[in-house]
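Visitor: give me a model of this one.
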Amino acid sequence: MAIDHPRVLLRDMFDAAVAAAQPALCLTQHLPEPPKGRTIVIGAGKASAAMARALEDNWSGPLQGLVVTRYGYEVACQRIEIMQAAHPVPDAASQAAAARMREMVQDLSADDLVIALVSGGGSSLLVEPAPGLSLADKQAVNAALLASGANISEMNTVRRHLSGIKGGRLAAACHPARLVTLLISDVPGDAPQDIASGPTVADTTTREDAWDILRRYNIALSEPMRAWLDSASSESIKPNDPRLASAEVRMITAPQVALRAAAKRAQRAGLAAHILSDRIEGEARDVGKVMAAISQQVMAQGQPFARPCVLLSGGETTVTMRGQGRGGRNVEFLLSLAVALDGAPGVYALAADTDGVDGIEEIAGATLGPDTLRRAWALGMNPRSHLDNNDAHSFFQRLGDSVVTGPTLTNVNDFRAILLT
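Guide: You can find the predicted model right below:
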C-alpha cells in the first residue's frame, strides 16, 4: 500500500494523541460537588495551568488557589494564581511555590474542599526539602537520579522520602478538609503515587526502598540527607493514615487515551493500528533495538501483524548518560531504532514526548525514514557515534527532522509510532 506523505501522517497521529489529553477535554466530568465552605485549588505539573483554566471555566462558585507549572507553560487564569518554576531540576521558585501552597491549606475545616490538579513534572516544580536539607541537596540528588538510568518509579521513591511535601505530606496538611486530586498520568502503570511524586496521595513505598535504590545506582548523599533518610521521620504518608480518610483520587486522562486517539487517526487513513503497550520502560536504546526487530519481522514475515500497519507504544524509557551530547530519551530511542533498521525500506517512525520537551531541550522528538542514515552519512555524521555520545538531538536537528511543538499544556509521557508500509 502506497502511503502519501508518511511523515505527515505520523505527525498527525502525534497531534491527535496530544489533543486527546488536553485538560479542557477531559477535566469537566471529574469535578466534585461544591462544598459548604471554601474551595481551594492547589497543583503542580506541566499541565496544571491548563487544568486550572479548565476548572475555572467550569466552576461557578467561589474559588481561589495556586498552581505551579514549568516556565513557558502558563495559562491565564482569573481566580487561580499561576507560578512558574524549573524542570527537570528544581530551582528557588519550586521551593517558593511549595511554601505558598502549604500556607494556603492551613487552618481548613471539614466544610472546605481542596482540589489538587496534579500532572507530570510536579516532582521538580513543587519542592520542599525535608527538615535539615537544602535546595542544593535536592538539586544534586535529582540530577544524579536523572543521569543514573533509574526508572521514574525508582526516582520518585527517593524524591518522596527526601521531601517535606511529597509522598502524601501535602494531603495530610489539608486535613480535615475534603481533598479531591485530579490526575493526568505520565507514568507507566498510572500509579498515583508516582505522578509528581504523589504530594496529595498515599505512598506504599518505604525509606528502606529509597535506600535500596540509592545503593543500586551508586548515588551519593550529603550527610544531612543520609541522617534524614536514616530517621523514622523520613517515612511518607501511608494509605491507612486517618488524615487521608476524606481524600479521593480521580484519574482524568492517561497515556492509553492518547494512544487510542492516534490509533483512530491511523485507521481513518486506512491503516491497521496496534497498541503494543502504554507502559514500556527500560533503556531507550535497548527499546529501539527491540522495536526494530519487531518491525523487521512484520516487514519480512507478516508476523505478528500484516503490513501496512502502525505500531504504537508509550511509557517512559530511561537514558544512562555516558556521553556529553544533546539528547533525550525519545530521540535516543529513535536513533537506536534507525541504526538497527539500517535503512530498511518502507519503515517510518516518530518518537516524541507529549509535553513538548524531550530531555531538557525545547524539542519534542523527531522522525525517521528509510533515507535517514544515508542523509546523515552524506552530511558527514556517524549515527553510531552520535548514539554513543547521547547526542540524538544534534543528529536529527541537523537533518531537519526534529519535531518542535512548543508547550503542549499536557503530559501523558512518551509517544512512539512506527509506520510499516
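
Visitor: got the contact list for residue 88?
Guide: When contacts are counted by Cβ atoms under 8 Å, 6 or more residues apart in numbering, residue 88 is found next to 121, 124, 142, 146, 360. To be clear about C-beta, it is placed using only N, CA and C from the backbone, and glycine gets the same treatment.

Visitor: separate out the buried members of the residues you listed.
Guide: With neighbours counted by 16 or more other Cβ atoms under 10 Å, these contain buried members at 121, 124, 142, 146.

Visitor: domain parsing for the chain?
Guide: The chain breaks down by automatic domain parsing into domains covering 6-18+256-420, 31-253.

Visitor: for the ones you listed, give me JSON lines that also has distance to residue 25 and mean pLDDT.
Guide: Putting these into JSON lines (distance: least, Cβ to Cβ, whole Å; pLDDT from 0 to 100) gives the following:
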{"stretch": "domain 6-18+256-420", "distance to residue 25": "9", "mean pLDDT": "97"}
{"stretch": "domain 31-253", "distance to residue 25": "8", "mean pLDDT": "96"}
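
Visitor: so for residue 24, which of those domains sits nearest?
Guide: When those are ranked by proximity to residue 24, the top entry is domain 31-253, at 4.6 Å, counting by Cβ to Cβ.

Visitor: which residue ranges of the stretch 1-150 of the chain form strands?
Guide: If you assign secondary structure with DSSP state E, counting those that start in this stretch, the strands in the stretch 1-150 of the chain sit at 39-44, 64-70, 80-85, 113-119.

Visitor: nearest to residue 290, out of the ones you listed?
Guide: Of the strands of the stretch 1-150 of the chain, the one closest to residue 290 (Cβ to Cβ) turns out to be strand 113-119, at 28.6 Å.

Visitor: the inter-axis angle of that closest one versus strand 64-70?
Guide: 10 degrees (axes from the mean of the first three to the mean of the last three Cα atoms, to 10 degrees).

Visitor: what is strand 113-119 packed up against?
Guide: Strand 113-119 makes packing contacts with strand 39-44, helix 48-57, helix 169-174, strand 178-184 when contacts are defined by 3 or more Cβ pairs under 8 Å, 6 or more residues apart in numbering; DSSP states H and E.

Visitor: could you give the angle of the first one to strand 178-184?
Guide: Interaxial angle of strand 39-44 relative to strand 178-184 (the same axes, to 10 degrees): 40 degrees.

Visitor: grab the nearest non-local neighbour of residue 323.
Guide: Counting by Cβ to Cβ, 6 or more residues apart in numbering, residue 389 is the residue found nearest to residue 323 once chain neighbours are left out, at 3.3 Å.

Visitor: distance to residue 190 for the helices and strands packed on strand 113-119 - can I get that in CSV?
Guide: Shown next, in CSV, are the helices and strands packed on strand 113-119 (distance: least, Cβ to Cβ, whole Å):
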stretch, distance to residue 190
strand 39-44, 18
helix 48-57, 17
helix 169-174, 18
strand 178-184, 8
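
Visitor: give me whichever of those is most buried.
Guide: Of all those, strand 39-44 has the most neighbours on average by mean count of other Cβ atoms under 10 Å, namely a mean of 28.

Visitor: angle of that one against strand 80-85?
Guide: Going by the same axes, to 10 degrees, strand 39-44 makes 20 degrees with strand 80-85.

Visitor: residue 151 is in contact with residue 191, correct?
Guide: No: here residue 191 lies out of contact with residue 151, judged by Cβ atoms under 8 Å, at a distance of 11.8 Å.

Visitor: out of the two, which sits in the busier spot?
Guide: A side-by-side neighbour count of residue 191 and residue 151, using other Cβ atoms under 10 Å, places residue 151 first with 20 against 15.

Visitor: find the nearest non-adjacent residue to the more buried one, please.
Guide: Sequence neighbours aside, residue 281 is the residue nearest to residue 151 in space, at 5.2 Å (criterion: Cβ to Cβ, 6+ apart).

Visitor: might one say that the one you found is in contact with residue 329?
Guide: No: under the criterion of Cβ under 8 Å, residue 281 makes no contact with residue 329, lying 10.3 Å away.

Visitor: that older thread, now the strands of the stretch 1-150 of the chain as a markdown table including distance to residue 215?
Guide: Putting these into a markdown table (distance: least, Cβ to Cβ, whole Å) gives the following:
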| stretch | distance to residue 215 |
| --- | --- |
| strand 39-44 | 29 |
| strand 64-70 | 31 |
| strand 80-85 | 30 |
| strand 113-119 | 29 |
